[in-house]
Each structure stands twice: as structure tokens, then as C-alpha cells.
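Peer 1: what would the 3D arrangement of this be:
(2 chains)
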Protein chains: 2
Amino acid sequence: MRSVAIIGIGQTPIDEQWDRSLRQIAAQAAIATLKDAGRESAEGLFVGNMMSGSINHQNNLGPLVADWAGFKGTGAVKVEAACASGAAAFRSGLMAVASGELESALVVGVEKMTDMTGHDVTAGLATAADADYEVDMGVSFVGLNALVMRRYMHEYGWKHADFAPFAINAHDNALHNPFARLHQKITADDFEKATMIATPINLLDASPIGDGAAAIYIVPVDSLHGKPRILVTGSASATDTIAIHDRPDALFLTAAFKSAQEVYQQAGIGPSDIDVFELHDAFTIMSVLSLEACGFSEKGQGPRLGLDGKIGPTGQVPITTRGGLKARGHPVGATGIYQLVEVVQQLRGEAEVTQVPEARIGMAQNIGGSGATIITHIIKIDK
Amino acid sequence: MRSVAIIGIGQTPIDEQWDRSLRQIAAQAAIATLKDAGRESAEGLFVGNMMSGSINHQNNLGPLVADWAGFKGTGAVKVEAACASGAAAFRSGLMAVASGELESALVVGVEKMTDMTGHDVTAGLATAADADYEVDMGVSFVGLNALVMRRYMHEYGWKHADFAPFAINAHDNALHNPFARLHQKITADDFEKATMIATPINLLDASPIGDGAAAIYIVPVDSLHGKPRILVTGSASATDTIAIHDRPDALFLTAAFKSAQEVYQQAGIGPSDIDVFELHDAFTIMSVLSLEACGFSEKGQGPRLGLDGKIGPTGQVPITTRGGLKARGHPVGATGIYQLVEVVQQLRGEAEVTQVPEARIGMAQNIGGSGATIITHIIKIDK
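Peer 2: Next up is the predicted model:
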């Protein structure tokens, strides 16, 4: 298997982009990435997207994006793993280049969510859960996460306010990211007073949806001359039961644990070697569960990392350094690519105000469903 | 890149399976395939599916199928390329094994289409076309194909009756396939008198949808001892504009030409070496256009192959040997896997009444949209 390097990144702002279509924002990210990579085209195109079939009445995104972005004729495909579609598409592109089948690949994550009513989006997001045994009972996706958070608070004795640092950190970091959905500083008081959505999850526990696209260009490492190079040193995907009620422990992300262990082994490192960790903070409880499953905290003690001030850009475990899902925004099928793009920004030293000092190794973890699909990547700069 | 072999196949009958859910039919095909391969599990699962997000309110099919089929924890993902989703998933699995990332992969194609009204299915199928510039004008998927067929008849002077042999051959072959949707012999007279759908496409030009799942198990060739072995000797994917009106020639499948040329080159062969060709006969016109683009006929002369009796199991270019989309049925995201399964049956000599004598090399071509995504594979038996 050939080693693979990232030579280009690009993204659109995440917003309500009512004046632009799905293909337009996908192509905008693709073209920005080609420019960053100094390339004119790629041998293959991989599109990560979750809901285009229902929200945009458009499947077949491979040729749609290939055609619009000027890649006419190029082999192109869409990869879906609910909110982990971005990382799943990246992993597919990675395999195609690593296998020797392609000499270059462009991976685009895109989601256009704001052309529909909130009801349609909520129904669309629920397709990430078990349609027959969870959603048919009337539970929404935020409702499922609320059940998990409530159980976690009960089991380990945490208060809702103890989750505030995750939201505050994300909002602080997004202030300096021009691509972020929200540029709004929040306080612990704001966090506690926010509108309740599904007890105990309120508006400031939850990430906002949006329209956005991000892209990455990859090539075999041996095609590059000179340094620095950004290398993909770990890639793993694992699954858990799709329904939360089928798990022996609803408070442990088994698939996060498995995929993290696998990438640590591939990269020959452990959690303490990770300089920046872009995790999947769709809800504050998910930050906590990811940190615990990936070995950054004891089980049940995740909130401690936030309360002790360890999650900021200069902390021990810098997370959501460009705003995370919480404040950068969560255009679901694009999110996994935004995470990888942001890790690359950190490794390149391009993260400006929220730059993690001397960041050399970064990890990105993308979650589809309530922990059902978890894909983890480790990226390293070789100077 | 490692060479890859197919060691197991499985399928469900294609029908209106109202007593079974999407996950149940997917697992049925998966388990049949494991049994055929003599394996208990696989390192990775790839699911080809087009419309689960809208028709079944279910995305995230990777963990859904992994969990239900007994693969809990296995990395799993869904790949979508409209009606070419099956072949696209196969190609993703192929890259993962060829790269060395996985030592085995199970690829499942599944579609559950009959739980919805015909209107919803028609709307779902239209997502394969250009939502903004074709479907918004009110054209359906069969309508687009009807425009192409009408233009073809006008341009080259063929009558509707000249397309009959493609439907008759498919129905004849399906009579002997227990998994086929239709077991009904038809005549040229039936063909001409069938109910019109979108002029000139009538009911016997068009393939029936259905519920179905098929699966394939792949491993690296070097993990096998002894012969015969079924080898994947060519895999290529190409795209065209998603909208037909953007093409300089609406009657030539450029992406079929490109992907076929690429697999011929990979396998070191030409069209005359192909013993069996499972093509994407969603409509009779598509059989004609595929045969022409893949080099089996001069442009504009495809119907001649049918009229001259060359497309039957003992003919010069045996196609749709187990019924094709026309009579085996077209559960869209599963179709590409059914095609590959049927080629394997031919190479193994398991095709019974419709066995192609001494079949050694087979080709399968899966099409997504009106020729927008075309994926071609060549499979060979090494005795």
C-alpha cells in the first residue's frame, strides 16, 4: 500500500447559501482546492454527502460535481455514511490512491440543507438512526442524543453547566475562522439560559446545520519532491449497532475506541502524541464521549478536560480549534472534510489566532449516526 | 496494486418482498455469499444502494447491514452512483483489497423499492438525472430515455419492432433463473402491443423495479491456493455530463466507451474476447447504445445484433443471459452486483439452461443516470 499525502485544501463559508446550488458550492470548494494544490484536474473524484437524495432531489453527485467543476469524464462517486460521509469519502479516495489505481484524487464533502423546512431537515437527519426501531417510535436525532446525555449525567453525577466549556471553546475559536457559521462569543451564563431543545440538550449544546462544501487533494507520497509534506499516517473505520438500545453500554463509543486504537497502531503513536484533535461535537455530550473513547480521559470524566481548561488551542488536548461542529457549523456530509482541512491548516501553521503551537500530528474523527459509524484519521507533517 | 479474486456470490429473488425489510434482504444475500465463500466474516463491508434515504427513510446502511448480518464492528460504508451504485460499491471494495488495506471485503447491493407508491419511486428514480435542469422541467427518467430512443430511431431509420429481440432474449433467459422477477415468455407481437409508457418506450422496452439484494466476496488472489480462480482483470469508472442536453451527441455513451476501453486495456483484450456481456438494459435503447459504445457494433447498427440472432446464450455476443434488467429485474442499487454475480455464474458453468458454452471472460457494465456514470468490469476464470 502506497503512502498518501495531502497537497491541497479548500472550503466555502458555512451559511444559508440560498443564492447558490449544491453543485455550485461543491465546485467552489473543488476549484479552491485545485488552486491550492497547483493542479488542473484529478484522476478521480469522491463526493461525501448524506441527504442530497431527499433534500435536494439529486442523487448521482459524482457526475454532477465532476461536470460542474470541470472534471467531465472523470470517474466519480458519492459515498454515504450519514454524518460521517465526509471521512468515508476521504477514506475511499485514500484507498484508490494507495492501491495504485489512481495517481491523484479530489475528495469533496458537500451538503445543502437550508433549502428545506426545518421539519424536512429533522426527518432527513433521523435517517442516520434506525428507521424501523428508533425513528418509528417518534424519536428525533437530537432526542436520541438527549437520552444519552441525560443518562451520562445521571450515571456520573455531572450537571448540565459542566458541559459549557465545550460550547464556549468552540464559539471562541470560530470567532477567528472566516468560514465558520457562527461568529458569536458565548458565556457560561448564555449556555445555561439557552432555549431547551430536548432536555437536557439546549440550543448551545447543539451544532447548527448549514450549507457548505470542503475539499482535499491527495497524491502518492512518492510523487512529491521536497518537504514539508502532509502525510496521512492512519485511517480506520468501525461500526457499532445502528440502534443505541442494542448496545451493552450506551455511554461508550465502541466504534470510536476501535478506530482510534487502529490509527494509533498504524501511526505508531498514542493519544498523548496528538497535538490537535478535531472531534465530532454535534452535541456537547459527543465531545465528552469521543475524548473518553479515544483515550484522552477516564470513562465518565470527560467534562473534567473542559472544566480544567485543557481543550483550548494552547491546552493539553486542543479540540474544535476552528469552531468545531458547534460553531464552525455542521453541513453533515461535508463536516468530515472540514475537520481534515482544519487539521491540515494547523499542521501548516495557517490557523492564525487559534494556531496550536508547534502542531505536528493531528487527528480527525467523524461520526455517523449515534456512534454507529466512526471514522478516524491521523495526519502528520513531515518537515 | 494486488490482484483480486471473487470467492463467493449470493442473491435474493427479485420481487415485491413486502414481508421483509431492507436490512433483512441485504443480510440474506450477505449470508448466502459468506456460505458460498466458506467464510464467517469479512474485514470490510461495502453497500451499494441508491434510494434508501428517501424511499426507506434510512441512510447509514453500512452499520445497518453490518449489524443485522452479524458483522458488528466491521468498517462499513454505502456507495451511491444512482443505478450504478452496485458496481461503484464493488469498485470501492476492490480498491480497499487491492491497496492492502483489507484482506477481504463483502460487497452488498440492495434496494427496497416496493414499499412506496409508484409516484414516489418515479420521483426517486428521477434523482439520477439533473434535478435543476432536467427534472424541474417535468421530465421523468423514462421520459429522458424515450427522447433518446426517438432520436435514435429518427437518426438511423429503425422501427420500434427492431428493438424486440432485446426484450424477447431477456425474457427467454429469465425463464430459467429462479431469482428473476419475471418468468413470462414474450413474442414480437406482445412487444409491439404492450402498453405505451412514454413514446416510443412501452412496457416491454422497460425494466421492472423490485426489491432485491445480491452480494460478492473478494480476497487478494495471492491468498488463494489452487485453481480454478475467478479474477477481476479490469475495473474502470467514467462519467459524462449529468444532463443529456449538455452532450454533443446524445446517442453515444461516451462514459461507456471510455470505461470499456480502459478495462480492455487493463485486461489486454478486445470486445471479440468477451464471452458473456451483462449490460445495463434498463430500456431496450440502452442495450443498443452500450453494445455500440463498447465496440460490439458500428454506431447506429446495434439493433442488427438482435435481429441477426447474435445476442442469445450461444450467439456471438451473449447478453442478459440470466434475464438482464428487463426480466431478472432492476432493484436499482443492487443491479450492478446482480450483473457481476451472473457473470461469475457463467464463468463457473452454473448458468444451467442459459449457460454460455466455454465462457472464460465476462464483462459487466452498470450505468447510473442517462449514461452519466458508467462502470465496467472484466472478470476471467483462471483454470
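Peer 1: roughly how far apart are the most centrally placed residue in chain A and residue B:33?
Peer 2: The residue lying closest to the centre of chain A (C-alpha atoms, centre = their mean) is residue A:336, at 3.3 Å. The gap separating residue A:336 from residue B:33 is 29 Å, by C-beta to C-beta, to the nearest Å. Quick note: C-beta positions are derived from backbone N, CA and C, even for glycine.
Peer 1: so who does residue A:361 touch?
Peer 2: A:233, A:267, A:269, A:273, A:274, A:275, A:276, A:378, A:379, A:380, A:381 (C-beta atoms under 8 Å, 6 or more residues apart in numbering or on different chains).
Peer 1: how about it: what's its closest non-neighbour residue?
Peer 2: residue A:380 (4.9 Å; C-beta to C-beta, 6 or more residues apart in numbering or on different chains).
Peer 1: please name the nearest non-neighbouring residue to residue A:304.
Peer 2: Residue A:304's closest residue in space is residue A:297 (C-beta to C-beta, 6+ apart), at 6.6 Å.
Peer 1: the residue nearest to the centre of chain A: which element?
Peer 2: helix A:332-348 (DSSP states H and E).
Peer 1: strand partners (parallel or antiparallel) of the helix or strand following that helix?
Peer 2: Counting by DSSP H and E, the next helix or strand C-terminal to helix A:332-348 is strand A:361-368. Sheet pairing for strand A:361-368, assigned by DSSP bridges, gives strand A:276-278 (parallel), strand A:373-382 (antiparallel).
Peer 1: dump those strands into JSON lines; add distance to residue A:211 as well.
Peer 2: Shown next, in JSON lines, are the strands paired with strand A:361-368 (distance: least, C-beta to C-beta, whole Å):
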{"stretch": "strand A:276-278", "distance to residue A:211": "20"}
{"stretch": "strand A:373-382", "distance to residue A:211": "23"}
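Peer 1: how about those in a markdown table, adding mean pLDDT?
Peer 2: Converted to a markdown table, the strands paired with strand A:361-368 look like this (pLDDT from 0 to 100):
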| stretch | mean pLDDT |
| --- | --- |
| strand A:276-278 | 98 |
| strand A:373-382 | 98 |
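Peer 1: mean neighbour count added to the ones you listed, as TSV?
Peer 2: As requested, the strands paired with strand A:361-368 are exported to TSV (neighbours: other C-beta atoms under 10 Å in any protein chain shown):
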stretch	mean neighbour count
strand A:276-278	28
strand A:373-382	27
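Peer 1: and the residue of the stretch 101-250 of chain A nearest chain B?
Peer 2: The stretch 101-250 of chain A approaches chain B most closely through residue A:237 (3.3 Å), counting by C-beta to the nearest C-beta.
Peer 1: near that residue, how many other residues are there?
Peer 2: 29 (other C-beta atoms under 10 Å in any protein chain shown).
Peer 1: name the nearest of the contacts of residue A:361 relative to chain B.
Peer 2: Distances from chain B to these, taken by C-beta to the nearest C-beta, are shortest for residue A:233, at 13.6 Å.
Peer 1: would you say that closest one is within a strand?
Peer 2: Yes: counting by DSSP: H, G, I helix; E, B strand; the rest coil, one finds residue A:233 located in a strand.
Peer 1: straight-line length of stretch A:322-333, end to end?
Peer 2: Using C-alpha to C-alpha, to the nearest Å, the end-to-end distance of stretch A:322-333 comes out at 18 Å.
Peer 1: next one: stretch A:309-316
Peer 2: First residue to last in stretch A:309-316 (C-alpha to C-alpha) measures 9 Å.
Peer 1: now that stretch: mean pLDDT?
Peer 2: The average pLDDT within stretch A:309-316 is 98.
Peer 1: now that stretch: how far from the chain's centre is it?
Peer 2: 19 Å (C-alpha atoms, centre = their mean, to the nearest Å).
Peer 1: list the buried residues of the one helix or strand in chain A whose mean pLDDT sits lowest.
Peer 2: Within chain A, no helix or strand scores below helix A:118-126, which has a mean of 90 by mean pLDDT, DSSP states H and E. By 16 or more other C-beta atoms under 10 Å in any protein chain shown, the buried positions in helix A:118-126 come out as A:121, A:123, A:124, A:125, A:126.
Peer 1: in PDB, list the C-alpha atoms belonging to it.
Peer 2: Below are the C-alpha coordinates for helix A:118-126, written out as PDB (Å, rounded to 0.1, in the frame of the first residue of the first chain):
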ATOM      1  CA  GLY A 118     -36.700  22.500   9.500                       C
ATOM      2  CA  HIS A 119     -39.200  19.600   9.600                       C
ATOM      3  CA  ASP A 120     -37.800  18.100   6.500                       C
ATOM      4  CA  VAL A 121     -34.200  18.500   7.700                       C
ATOM      5  CA  THR A 122     -35.100  16.900  11.100                       C
ATOM      6  CA  ALA A 123     -36.700  14.000   9.200                       C
ATOM      7  CA  GLY A 124     -33.600  13.800   7.000                       C
ATOM      8  CA  LEU A 125     -31.200  13.700   9.900                       C
ATOM      9  CA  ALA A 126     -33.200  11.000  11.500                       C
END
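Peer 1: please save the CA atoms from whichever helix or strand comes after it in PDB.
Peer 2: Per DSSP H and E, the first helix or strand lying C-terminal to helix A:118-126 is helix A:141-156. Extracted C-alpha coordinates of helix A:141-156, given in PDB (Å, rounded to 0.1, in the frame of the first residue of the first chain):
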ATOM      1  CA  PHE A 141     -31.800  12.600  16.300                       C
ATOM      2  CA  VAL A 142     -31.400  15.300  18.900                       C
ATOM      3  CA  GLY A 143     -33.800  13.200  21.100                       C
ATOM      4  CA  LEU A 144     -31.600  10.200  20.900                       C
ATOM      5  CA  ASN A 145     -28.600  12.300  21.900                       C
ATOM      6  CA  ALA A 146     -30.600  13.800  24.800                       C
ATOM      7  CA  LEU A 147     -31.300  10.400  26.200                       C
ATOM      8  CA  VAL A 148     -27.600   9.600  26.100                       C
ATOM      9  CA  MET A 149     -26.700  12.900  27.700                       C
ATOM     10  CA  ARG A 150     -29.300  12.500  30.500                       C
ATOM     11  CA  ARG A 151     -28.100   9.000  31.200                       C
ATOM     12  CA  TYR A 152     -24.500  10.200  31.300                       C
ATOM     13  CA  MET A 153     -25.300  13.000  33.800                       C
ATOM     14  CA  HIS A 154     -27.200  10.500  36.000                       C
ATOM     15  CA  GLU A 155     -24.600   7.800  35.900                       C
ATOM     16  CA  TYR A 156     -21.600  10.000  36.600                       C
END
